[in-house]
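Novice: Based on what follows, work out the 3D shape:
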Amino acid sequence: MRFIVGATTLGGLLLALLAGCGNETPKTQEQTGPKLPASLPGPSAPSVSTPDAGPKIPPEAEKVFDEGEKLGSHGAYAQALLKFQKASELAPSWAYPIYEMAYTHLLLGDPEKALEEYRRTDALEPHGFFTSKTALWTLEREQDGRLPKGLYAAYVALEGTDSKTKASGLAQILAIAPDYPPALKQKALLTEALSEREALIERALALSPDQDTYGILILNKASLQFGAGKQAEARALLQKLIADEKTTFSNRSLAQDFLKRWAVGK
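Specialist: Numbering: from 1, shown residues only. Prediction:
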């Protein structure tokens, strides 16, 4: 997405999330996933998944889409939505307008419609499209009561914010949903102490996160292992991630890049 919510809207989303939860505790999700540690000294891996080159897009569809992006960047979400809908009609196999429709519905306070569009995005790009895997995973759990309503809207609003704002927002989110893997992942990436970062990522991995979050956590775990002198273990972890057919395009590409750089000692 190329437009984000402002600080005022972010504060409102967090306040709404806090108010909506009250004293209720969300249902705990089943902990059936692999329990693994984590880490990453130096720059953190990206938190988005982007697909390989997709279908050729008609120029008119790109033009209308760009118009929608400009409208969205100025907060004209309803008008932007119409542009994205038109772009999708002009290029039905292009996931980007549908993805932005989902995000726009989220900003307009319609998580049910957003979930519908994220499902359409995932159907077109089953190996990941930006944060679609995380969005789908979270909104489905909001819908069935395993996570509090408004959680994903508050979480995604932290994208593009400075580290201080992000840390504060994550603290509020984790106070309400302490077992939310994407927030634990982001907190880990902001944490300088390697032992604490490792513990956070292991905790997130034990909670069966969405596939994109899982891949980022594994990338960070492998990087920590490599930095700690466990090169063989780190390489094996990334090779397993690459071989997994559920791994997103972006995470597979990152894992391959890590292995190439490590092979030449960079």
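Novice: for the stretch 51-200 of the chain, what spans make up the helices?
Specialist: For the stretch 51-200 of the chain, the helices defined by DSSP state H, counting those that start in this stretch cover 59-73, 77-90, 95-107, 111-124, 132-143, 151-156, 163-176, 181-190, 194-205.
Novice: Would you mind listing where the stretch 51-200 of the chain has pLDDT under the threshold?
Specialist: Applying pLDDT under 70 to the stretch 51-200 of the chain flags residues 51-55.
Novice: so what's Tyr155 up against?
Specialist: For Tyr155, the residues meeting the contact criterion (CB atoms under 8 Å, 6 or more residues apart in numbering) are 138, 173, 180, 182-183. C-betas here are computed from N, CA, C, even on glycine.
Novice: wait, isn't Thr248 in contact with Asp210?
Specialist: No. In terms of CB atoms under 8 Å, Thr248 does not count as a neighbour of Asp210; the distance is 9.5 Å.
Novice: what sits in contact with each of those two?
Specialist: Counting by CB under 8 Å, 6+ apart, the contacts common to Thr248 and Asp210 are Lys133.
Novice: Pick out whichever of the two has more residues nearby.
Specialist: For Thr248 and Asp210, the more surrounded residue by other CB atoms under 10 Å is Thr248, and the numbers stand at 29 against 21.
Novice: Turn the helices of the stretch 51-200 of the chain into a markdown table, including distance to Ala243.
Specialist: Formatted as a markdown table, the entries for the helices of the stretch 51-200 of the chain read as follows, by distance: least, CB to CB, whole Å:
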| stretch | distance to Ala243 |
| --- | --- |
| helix 59-73 | 35 |
| helix 77-90 | 34 |
| helix 95-107 | 25 |
| helix 111-124 | 22 |
| helix 132-143 | 18 |
| helix 151-156 | 30 |
| helix 163-176 | 32 |
| helix 181-190 | 22 |
| helix 194-205 | 18 |
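Novice: Select, out of the ones you listed, the one closest to Gly227.
Specialist: When these are ranked by proximity to Gly227, the top entry is helix 194-205, at 8.0 Å, counting by CB to CB.
Novice: Next, the buried residues of the closest one.
Specialist: Taking 16 or more other CB atoms under 10 Å as the basis for neighbour counts, the residues of helix 194-205 that come out buried are 197-205.
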